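Asks: This is a predicted model, with the sequence first.
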Amino acid sequence: MFILFPAIAMLLGWGLRGHIGGGPFGAMIPGAMVALSLCLLLELPAATTSIIVVFGVVGIGLGGEMTYGQTLGFLRNPETVLWGTLATTVKGAIWGVLGGVILSIGFIYKRLTKKTVIIALLLMMVGMILGFKLINQPMIIYFSDPSNPRPESWGALLLGALALLIYLKYKISKTDFKLISRFAFWGLIGGGLGFGLGGLWFVLGEYLPKEIIFHSWWKMMEFTFGFLLGAALGYATWLSRKELGIAGNNIEKTEIYSFKTSYKEIAVALFSGLLIFLVIPGILEPFVDAASSNDGILMNGLRTIAMMLVNYTFFGLILIVAAMYFPKAAWQLGIALTFCHTVIDLADDHLTNILAIVFVILIPTLIVALFIAYFQEKKNTKRFLFLLLTWSTVLISMVKIRFYPEKLNLAGQSFSTIICGIYIVDIVFAVSAVFLTWLVVRKIQD
């Protein structure tokens, strides 16, 4: 169960990430789902789980900063398939290491001071700047197309992860660092195998006849990546189940939630969301674009700082700080903001009217936030919120069907084409969600 449950949860979350919200914000979906699934298995208290979910959202989201579209293109050419496989394996391993480390910090955060966590994340950001300047910017090792270059960040995330691990090595106890190292190792294995092997679906697709019905190789890659990384993190959790069970239940107090005062938690999440999704990008992204044409030392330095402030790493720091200082708002930060970006992505992709965009973003997010506030008072909080996250995001994926004419115009299509070609990804989403619901309702304690 420790392997299968988080594996299917992350398979679904990763598939949804590429379907209803890309980039690091989209990767918040599998981050929240895998963190919730692990806490359900460990039977941790709801208050503890809420903070861990935020760490999961941040940890898994970070890898979404890496570009890999051109990298996957190498897999379509027999002459570059080995280079492409190496590249996806490296990027997946880095994704898994960083995700595993930050998720595991969430499990032991009660034994750490807020200052320790904040310094660790700031040092990670310093490591990322060094990695970008020393590896990615000079293209010492480059995993994209040199003829059409795109900025890469795998080196930045690699040195960021190393800076984080080195600091924790000398700052926390040997027992805690052993636990973090275990999650880092299994994250590396699951992420490397998940992306490395998952990318080989593209190779298979190139060798199959063009007239075959199934062509969703990209989604197969995402499903494989999510499944293997989720399984690896689940195995690391199983190996650590005794330590994590003790750590999770050794809390100072139990948070008491009230639906009547939930507006306070929603306000914290709203303020954080406005900073992350609107204010900081709106102010700094134009400066980053304008400064890119300036070769002055001072301007380049300011541009580097601004780039980090519009990077998901800084946004993740905001989320974690908000969760640590306002723990009652952690559920809203971890789940409501994860859902919020799915409707932001929906509105950005398919709507042009400003009022319609605001309506589509605010109303569904407010409904989800109110459900979260209501379920926080209930006995089976973690179960309810796992199902809320699962079905709300799946619902958004179903809503997106109406924006694709090829999925609605089925005249003349055979049954096999409809099932295996047009709707296969949506079917995987639905089946996975139903299976997870069955597990949560019938097999998992809360």
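Replies: Thanks, I have it.

Asks: so where's the chain shaky on pLDDT?
Replies: 246-255, 291-295, 446 (pLDDT under 70).

Asks: and the longest helix for it?
Replies: Counting by DSSP state H, the longest helix found in the chain is helix 81-108.

Asks: how about the helices of the stretch 1-150 of the chain, start to end?
Replies: 4-20, 23-26, 28-42, 46-62, 69-73, 81-108, 114-131 (DSSP state H, counting those that start in this stretch).

Asks: I105 reaches K114, doesn't it?
Replies: No - I105 lies out of contact with K114 (Cβ atoms under 8 Å); the separation is 11.9 Å. Bear in mind the C-beta positions are built from the backbone N, C-alpha and C, glycine included.

Asks: overlap in contacts of these two?
Replies: Residues touching both I105 and K114 by Cβ atoms under 8 Å, 6 or more residues apart in numbering: none at all.

Asks: Who has more neighbours out of these two?
Replies: Each of I105 and K114 has its neighbours counted (other Cβ atoms under 10 Å); I105 has more, 26 against 12.

Asks: where does the closest residue to the more buried one other than its chain neighbours sit relative to G196, distance-wise?
Replies: Nearest residue to I105, sequence neighbours excluded (Cβ to Cβ, 6 or more residues apart in numbering): F55, at 5.9 Å. Separation of F55 from G196 (Cβ to Cβ, to the nearest Å) stands at 26 Å.

Asks: out of those two, which sits in the more crowded spot?
Replies: F55 (28 against 22).

Asks: The more buried one and L302: what is the separation?
Replies: From F55 over to L302 (counting by Cβ to Cβ), the distance is 30 Å.

Asks: quick one on the thing from earlier: could you double-check that the residue nearest to I105 lies in contact with M324?
Replies: No - here F55 does not reach M324: they are 9.9 Å apart, not a contact under Cβ under 8 Å.

Asks: where do the contact lists of these two overlap?
Replies: What both F55 and M324 touch, as defined by Cβ under 8 Å, 6+ apart, is the set Y109.

Asks: Quick one: residues contacting the residue nearest to I105.
Replies: 35, 102-103, 105-107, 109, 320, 323.

Asks: Serialize those residues to JSON lines and add fields for distance to L82.
Replies: As requested, those are exported to JSON lines (distance: Cβ to Cβ, whole Å):
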{"residue": "A35", "distance to L82": "35"}
{"residue": "I102", "distance to L82": "31"}
{"residue": "L103", "distance to L82": "31"}
{"residue": "I105", "distance to L82": "35"}
{"residue": "G106", "distance to L82": "37"}
{"residue": "F107", "distance to L82": "37"}
{"residue": "Y109", "distance to L82": "41"}
{"residue": "I320", "distance to L82": "38"}
{"residue": "A323", "distance to L82": "42"}
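
Asks: which ones are touching K264?
Replies: K264 neighbours (Cβ under 8 Å, 6+ apart): 328-329.

Asks: State the distance from it to Q332.
Replies: For K264 relative to Q332 (Cβ to Cβ), the value is 10 Å.

Asks: re the thing from before, tell me the buried residues in the longest helix of the chain?
Replies: 81, 84-85, 87-108 (16 or more other Cβ atoms under 10 Å).

Asks: Stretch 385-401 now?
Replies: For stretch 385-401, the neighbour count (16+ other Cβ under 10 Å) marks 385-390, 392-394, 396-397, 399-400 as buried.

Asks: same deal with stretch 104-124?
Replies: Applying 16+ other Cβ under 10 Å to stretch 104-124 flags 104-109, 112, 116-117, 120-121, 123-124 as buried.

Asks: Tell me where the stretch 151-300 of the chain has helices.
Replies: 154-171, 174-198, 200-207, 217-239, 241-249, 262-274, 280-291, 297-309.

Asks: of all these, which lies closest to C39?
Replies: C39 sits nearest to helix 241-249 of all those, at 7.5 Å, using Cβ to Cβ.

Asks: what's the burial count for M308?
Replies: 17.

Asks: measure it to A161 for me?
Replies: 16 Å.

Asks: One more: M220?
Replies: For M220 relative to A161 (Cβ to Cβ), the value is 27 Å.

Asks: Please say which of the two ends up with more neighbours.
Replies: A side-by-side neighbour count of M220 and A161, using other Cβ under 10 Å, places A161 first with 28 against 22.

Asks: Which residues belonging to stretch 155-162 are considered buried?
Replies: So, applying 16+ other Cβ under 10 Å, buried residues of stretch 155-162: 155-161.

Asks: Export those residues to CSV and append columns for distance to L188.
Replies: Converted to CSV, the buried residues of stretch 155-162 look like this (distance: Cβ to Cβ, whole Å):
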residue, distance to L188
G155, 16
A156, 17
L157, 12
L158, 11
L159, 15
G160, 14
A161, 9
